[in-house]
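Mind folding the following:
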Amino acid sequence: MISTNGAPKGITTNSLKIQNLKWYKAASEASSAKNHRYSQR
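Numbering: from 1, shown residues only. Prediction:
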């Protein structure tokens with residue numbers, strides 16, 4: 001089986017969306033925490 005975008009073909013797009021949402025949430029939380037640190041100075 002050929003994998004696309006580093007993910008096995010058996011993975012559904014729905015699970016990929018969920019992974020992307022988790023990553024996006026973690027990234028946005030990290031960036032907002034960084035911004036909060038800067039604004040506290």
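
tell me which residues of the helix or strand harbouring Asn14 are tucked away?
For Asn14, the enclosing helix or strand under DSSP states H and E is helix 13-40. Across helix 13-40, burial judged by 16 or more other C-beta atoms under 10 Å covers no residue at all. Glycine gets a C-beta too; all of them are placed from N, C-alpha and C.

Return the mean pLDDT over it, rounded to an integer.
On average, the pLDDT along helix 13-40 is 82.

residues in contact with Lys17?
For Lys17, the contact set (C-beta atoms under 8 Å, 6 or more residues apart in numbering) is empty.

What distance do you get for it to Ala33?
24 Å (C-beta to C-beta, to the nearest Å).

again with Ile18
23 Å.

Now do Pro8, the pLDDT please.
61.

Sorry, slip of the keys, the one I care about is Asn5.
60.

wait, what's in contact with Tyr38?
Taking C-beta under 8 Å, 6+ apart as the definition, Tyr38 has no contacts.

how near is it to Ser32?
11 Å.

same check, this time on Thr13
Counting by C-beta to C-beta - Thr13 and Ser32 are separated by 28 Å.

Kindly report the same for Lys25.
11 Å.

what does Ser39 give?
Ser39 is 10 Å from Ser32, by C-beta to C-beta.
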